[in-house]
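[1] Predicted model, plus sequence, below.
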Amino acid sequence: MKHIVIIGNGIAGTTAARHIRKNSDYDITLISAESKHFWSRTALMYIYMGHMKYHHTKPYEDRFWKKNRINLIHDYVEKIDTKQKQVTLASSPPLRYDVLIIATGAKPNKFGWPGQELEGVTGMVSLQDLDRIERYTQGIARGVVVGGGLIGIELSEMLHSRNIPVTFLVREKQFWNNVLPEQEASMISRHIREHHIDLKLETELKEILPDKNGRVRAVVTNTGEEIACQFVGLTAGVHPNTDLVKSTAIETNRGVLVNEFLETNIPDVYAIGDCAERRKAIAGRTAIEQVWYTGRMMGETVAQTICGNKIAYHPGPWFNSAKFFDIEYQTYGNVKPQLGANEDEFYWEHSSGKLAMHFVFDKNEQTFFGINTFGIRLKHECFDQWLKEKVDIGHIISHLREANFDPEFFKNHEKDVIQAFSGQYPEIRVASRQRRKTLGIF
Ligand SMILES: Cc1cc2nc3c(=O)[nH]c(=O)nc-3n(C[C@H](O)[C@H](O)[C@H](O)COP(=O)(O)OP(=O)(O)OC[C@H]3O[C@@H](n4cnc5c(N)ncnc54)[C@H](O)[C@@H]3O)c2cc1C
């Protein structure tokens, strides 16, 4: 019987294990140094904020693994020997494999800042990081969060939920301005400040200073300001965890290099999830994709291949979602921070400054390229289909109602969005006269 060894029990490794079990009788071993059982990393903030206990974040009952004959090992893999087809573990006997799946996830970026290893400083990725955050933030007067991305805003919200004053250092001109266009980035920056977060834009960490016990006492920024604090969260992005693979014949770049079948250069060795890097990125997507659903899709895909149904990884049009304090965000397709030469845009923002939609489309053909939506939830399946069918922007605007997840929105705003669009682009046909009448727009 083939033995499949999977290193990493996150969404990618766990999904692979589940789907290999569904499709085969192979022996499956799932190893993780972090926790015995799979848990939802995306819910980390809610544990700290007291909305959930750790055990609520486990998607499967503990008995699930035995019932499904998935052998769990809670241990650290120290070495991979691709010639002997064996992995060496820190405290358990070595394991032989027929097929190896590397699903080792990502690690927080640390850019060699002086003081980055001090007591009171941590990234925010693992359960161990969560323990540290819990310990380091007890009774403190101020926390500093370094790096304005999705994890940084979550950590700011976490500290804020415990009434800990937060200074948030963001290198860009506006929050997440390297991903969001100017309009949305400034809307979210305003929203962050409304929550009394001390948001310092265009500001970078230079150094972390210790007190006499070796604990953090302050940070110094690139503007020369010294900010007293007792906790520093390093959230300046993550990078693929290739630690284990670096000393092997498995090829890496920033991540573990894979082809469209998620195969590495070594036969019977695959890489999936946050640690994997496509040799050739799929059009409209990046070579490294570090989000939950792509990990799940890669797990499903690799399981098919390993079970004899070789298929390529085809995730379809890009989408993602997040929450910035009270504002939900979704993105479908491609909305870049700056418009491309062939692109045009339509941005609508409600006077409350908490609802917005940003559409991007082809300047000449009017083909719809993507949307960012804030505070208004739209249906994934509609946009997935429209992007695949390459419909034009007029079609999208006049069919927004179909994509509405929350009918309340359209009572209030559909008319405004269509009217604003028609005002800006009178030459683009939005809907038939009859349909406009139905919508109450004349
Ligand atoms: C705080 C936070 C919030 C997030 N929120 C969202 C969100 O809202 N939406 C979204 O789409 N994505 C979100 N993400 C990203 C998402 O969680 C990741 O893309 C996803 O969890 C990656 O899954 P993975 O299976 O590739 O790796 P991981 O979940 O990182 O699992 C890898 C596992 O491998 C283990 N491992 C590594 N090396 C070894 C070794 N040598 N021996 C043994 N075990 C090892 C690690 O300890 C870890 O447990 C968030 C990430 C973080 C950190």
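    Arrived safely. Everything numeric in this text was worked out from a predicted model, so none of it was measured.

[2] Show me which residues of the stretch 1-150 of the chain sit near the ligand.
    Proximity of the stretch 1-150 of the chain to the ligand, by C-beta under 6 Å from any ligand atom, involves residues 7-13, 31-34, 41-42, 44, 76-77, 103-106, 124-125. Bear in mind the C-beta positions are built from the backbone N, C-alpha and C, glycine included.

[3] correction: the stretch 201-350 of the chain
    So the stretch 201-350 of the chain meets the ligand at 241, 244, 273-274, 290-293, 295, 322 (C-beta under 6 Å from any ligand atom).

[4] what about 5 Å?
    Residues of the stretch 201-350 of the chain found near the ligand (C-beta under 5 Å from any ligand atom) are 244, 273-274, 290-292, 295.

[5] before we move on, the earlier item: drop anything exposed from the residues of the stretch 1-150 of the chain next to the ligand.
    Buried by 16 or more other C-beta atoms under 10 Å: 7-13, 31-34, 41, 44, 76-77, 103-106, 124-125, out of those.

[6] Among those residues, which ones are in strands?
    7, 31-32, 77, 106 (DSSP state E).

[7] got those as JSON lines, with pLDDT and distance to residue 261 columns?
    Putting those into JSON lines (pLDDT from 0 to 100; distance: C-beta to C-beta, whole Å) gives the following:
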{"residue": "7", "pLDDT": "98", "distance to residue 261": "19"}
{"residue": "31", "pLDDT": "98", "distance to residue 261": "23"}
{"residue": "32", "pLDDT": "98", "distance to residue 261": "24"}
{"residue": "77", "pLDDT": "98", "distance to residue 261": "23"}
{"residue": "106", "pLDDT": "98", "distance to residue 261": "22"}
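
[8] ok, back up a step: neighbour count, pLDDT and secondary structure for the residues of the stretch 201-350 of the chain next to the ligand - can I get that in TSV?
    Below are those laid out as TSV (neighbours: other C-beta atoms under 10 Å; pLDDT from 0 to 100; DSSP: H, G, I helix; E, B strand; the rest coil):
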residue	neighbour count	pLDDT	secondary structure
244	20	97	coil
273	35	98	helix
274	28	98	helix
290	18	96	coil
291	19	97	coil
292	17	97	helix
295	27	98	helix
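
[9] With respect to residue 173, which of those is nearest?
    residue 290 (23.9 Å; C-beta to C-beta).

[10] Do you have the strands of the stretch 301-442 of the chain handy? List them.
    Secondary structure of the stretch 301-442 of the chain (DSSP state E, counting those that start in this stretch): strands at 319-324, 327-333, 343-349, 356-362, 368-374.

[11] and those strands, which is most packed in?
    Most buried of the strands of the stretch 301-442 of the chain by mean neighbour count (mean count of other C-beta atoms under 10 Å) is strand 368-374; its value is a mean of 24.

[12] between it and strand 319-324, how big is the angle?
    20 degrees (axes from the mean of the first three to the mean of the last three C-alpha atoms, to 10 degrees).

[13] partners of strand 368-374, with directions?
    Looking at strand 368-374 with DSSP bridges, its partner strands are strand 327-333 (antiparallel), strand 356-362 (antiparallel).
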